[in-house]
Structures are given as C-alpha cells and as structure tokens.
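*Asks:* No sequence on hand, only this structure:
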C-alpha cells in the first residue's frame, strides 16, 4: 500500500531525527521565527478498525502535549492577526506559534477549545460556508462510510467499471487509497461529487447528513466565535480544489465564502485557508487571488516553518501538520525544531512557487 509505505517512511524519518539528536543541531537554522500548526479534528480515539481519515484527527492529549512543549520553550501562542503584525512590522524578537483548524468541525468546540483554554491559547477555525449551511459534501467521510459498509464496490475508474474488494479491513484500506486517488484526479469538483454520490446511492449511504453531523452550524459558529480565543477564517464555499476552477469561480469561492461568514457572524473575516492546500490545489494564481480578495493571510498545506522572508508570501504560508498518524510525544520537539519540514523540503526555507 503506497500510503502505508509513505507513513512508515515518514515515521522512520521523524524517529531518526529524534534519536540522532539532529533536530537540536538543525533548530537554530530551520526553526525560523515561528510556526503555523495545522489541525482538523480533535477528539478521543475511535475504536473502529477501519479509519482511513485518521491522519486528520489528533487526540486532546496530544494537543495538550504540544501546547505544554511550546510553553516550556517560552514560545508565544498568537492569533493570525498578531502573526500578520509581526511579519509586516518585521518584529521577530520572540518566536511564535499559531494554531489553525480546517473545515469547522464540531469537535473543535467540544474537544479542542477546552484544551486551548487551559493554556489561554488563541486559534483560528477556517469554515467552509456550505458545511456550516449543512449542505456541503464531505466526500472523504462519505467514502470512508460506504467502504466500511460494503463487502465489494464497483467504480468507473478510467472509464471502466472496476470491481474492488472491500471484504477485510486491509482490503478496505487499499480500496480507500485507490478510490481517493482516483477521485482527486478527476477534472473538477462536480465530477468528484457525481461519482461519490453514485457510490453512496448504490451502497445506501446518506451523504446529505454528514455536514450536519460533523460540522458546526451557523448558530453554533456564532456562539463559538464569541469566545475571545477564537477567530473564524474562510475556507471557500464548497471546499473545492481552487486550482481546477476557472479564475472567476475560484475568486467567487474565496470572496463569497468570506461574505457569507461575515453576514452570519457579524464580524470581519481576514484570513483564508486553501482547501486541500497542496501544490495541485493552490499555486501562484490562487495566492494572487487571495491577495486581491483582501485577505491578510492565506495558509497552504505545504510543510514548512515561518521565516522572515515569509513576509513576502503572506498568502502562501506553509504549515506544520499535527497528523493523527504520528501522535508520539517524542516527535514534538522534532516538529518545532523545523528539522522535519527542512528535510521534506530539501532544506529550502520557502515553498511558494
């Protein structure tokens, strides 16, 4: 399994950096002036044997361990507004960390917020407006649910109906990897939704209830945003791959999502996160569109720390993923040292091309 091999290699690399002590040597060079940490779900570990989206969730204890570590290093935990001020004013006297949560999941309120309150630590949640409406399609969760339910699946991969075994947990993981890669390779978001909807219909999975089950509604977001630690940012309307949209549609997804959130919450929305956020979902055109839309910052999923030169790329900010597959306290100092992202990036500091 390609992704299982990749996970094993990453874990081995993180552990090698830890046991060799290389992260101590690399910290002065690659820790930068700060870090933007990326999370999605925060919740207790589920017992399900098949959890292909587990990388998107961390347990509250791991989040707490990261916050304790940052406090022990005397690193400031700041809002995105404060990070923006420090970057634009070139105020690098103290290192900082920002915590960002994508999509607007209800567990951010139920499990992340109590931990963040323990440390008086601010954070931002990037909400996709259709998810808050309850009409959005979280297709990766729908895919997990239908594979969990089915013993076999057929999908039109490459234009040919392809039988896929999903009879065992191992087969289900292989099927999820195959179908996920196929769906992300389709030309447009409407193609992804069409194929996932067809699979859901064939396997009796109601994808229309998923957003309401997992994501905060407008009323919940409004109450959540009243907490002084919480900032709400924009994450498009539909959670689409912006790079595969026309420039007009991509710009609309950005600006209309902000307008909808501002109208619902009665507060300005100044920060943005690109859905998926990797190089095939956000590039220089999208970075320019976010800047033209007036966002102060925009974050990618490209790995990296924040350096002084990041001030020239505030709509192409790199992040450090807190990944559910690597919830080991030993790797926390590796992540904050910048060593892991430096190795991943071939020791480049900025990846904004």
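*Replies:* Alright, I've got the coordinates. Remember, it's a predicted structure, so these values are computed and weren't measured experimentally.
*Asks:* Which residues belonging to stretch 341-351 are considered buried?
*Replies:* Residues of stretch 341-351 classed as buried: 341-343, 345, 349-351 (neighbour count, 16 or more other CB atoms under 10 Å). Using the backbone N, CA and C atoms, a C-beta is placed for each residue, glycine as well.
*Asks:* Return the closest of those residues with respect to residue 28.
*Replies:* residue 342 (11.7 Å; CB to CB).
*Asks:* The nearest residue to residue 161 once chain neighbours are set aside: how many residues sit nearby?
*Replies:* Counting by CB to CB, 6 or more residues apart in numbering, residue 161 lies nearest to residue 154, which is 5.1 Å off, once chain neighbours are set aside. Using other CB atoms under 10 Å, residue 154 has 13 neighbouring residues.
*Asks:* Tell me what residue 154 is bridged to.
*Replies:* residue 163 (DSSP bridges).
*Asks:* That one against residue 162, yeah?
*Replies:* Yes: counting by CB atoms under 8 Å, residue 162 is a contact partner of residue 154 at 6.6 Å.
*Asks:* related to what we said a few turns ago, so of the buried residues of stretch 341-351, which ones are in helices?
*Replies:* If you go by DSSP state H, those have 341-343 in helices.
*Asks:* pLDDT and distance to residue 131 for those residues - can I get that in JSON lines?
*Replies:* Below are these laid out as JSON lines (pLDDT from 0 to 100; distance: CB to CB, whole Å):
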{"residue": "341", "pLDDT": "91", "distance to residue 131": "28"}
{"residue": "342", "pLDDT": "88", "distance to residue 131": "34"}
{"residue": "343", "pLDDT": "87", "distance to residue 131": "34"}
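*Asks:* Quick check: end-to-end length of stretch 324-337?
*Replies:* End-to-end distance for stretch 324-337: 19 Å, by CA to CA, to the nearest Å.
*Asks:* which residues are in contact with that stretch?
*Replies:* With contact meaning CB atoms under 8 Å, 6 or more residues apart in numbering, stretch 324-337 is reached by 7, 10-11, 14-15, 17-18, 23-24, 26-27, 30-31, 35, 41, 54-59, 62, 65-66, 69-70, 73, 75, 97, 320, 322, 340.
*Asks:* Run the chain-centre distance for stretch 177-196.
*Replies:* 19 Å (CA atoms, centre = their mean, to the nearest Å).
*Asks:* What of stretch 156-173?
*Replies:* With CA atoms, centre = their mean, you get 27 Å for stretch 156-173.
*Asks:* quick revisit: what is the most widely separated pair among the buried residues of stretch 341-351?
*Replies:* The distance between the two most remote of those (CB to CB) is 15.5 Å, for 343 and 350.
*Asks:* Give the rounded mean pLDDT of stretch 143-151.
*Replies:* Stretch 143-151 comes out with an average pLDDT of 95.
*Asks:* Of all the residues in that stretch, which ones are buried?
*Replies:* Those would be 143-148, 150, for stretch 143-151 by 16+ other CB under 10 Å.
*Asks:* which one of those sits closest to residue 49?
*Replies:* For those, the nearest to residue 49 is residue 148 (9.2 Å; CB to CB).
*Asks:* ok, for the closest one, nearest residue in space, not its chain neighbours?
*Replies:* residue 50 (5.3 Å).
*Asks:* about what we covered before: next one: the residue nearest to residue 161 from residue 114, what distance?
*Replies:* Taking CB to CB, to the nearest Å as the measure, residue 154 and residue 114 are separated by 44 Å.
*Asks:* same check, this time on residue 144
*Replies:* Noted for residue 144: a distance of 26 Å to residue 114, by CB to CB.
*Asks:* Same check on residue 135?
*Replies:* Residue 135 is 29 Å from residue 114, by CB to CB.
*Asks:* can you check residue 350 too?
*Replies:* For residue 350, the distance to residue 114 (CB to CB) stands at 35 Å.
*Asks:* Pull out the buried positions in stretch 70-80.
*Replies:* Residues 70, 75-80 are the ones in stretch 70-80 that count as buried (16+ other CB under 10 Å).
*Asks:* related to what we said a few turns ago, and which of the buried residues of stretch 341-351 is nearest to residue 128?
*Replies:* Nearest to residue 128 among the buried residues of stretch 341-351: residue 351, at 24.2 Å, using CB to CB.
*Asks:* right, and that closest one touches residue 344 too?
*Replies:* No: if you go by CB under 8 Å, residue 351 and residue 344 don't touch, sitting 9.4 Å apart.
*Asks:* what is in contact with those two at once?
*Replies:* In contact with both residue 351 and residue 344: residue 303, using CB under 8 Å, 6+ apart.
*Asks:* Counting neighbours, what do you get for residue 280?
*Replies:* Residue 280: 12 surrounding residues under other CB under 10 Å.
*Asks:* That one and residue 241 touch, don't they?
*Replies:* Yes: Residue 280 is in contact with residue 241 according to CB under 8 Å; the separation is 7.3 Å.
*Asks:* Now do the shared contacts for these two.
*Replies:* Jointly contacting residue 280 and residue 241 under the rule CB under 8 Å, 6+ apart are residue 184.
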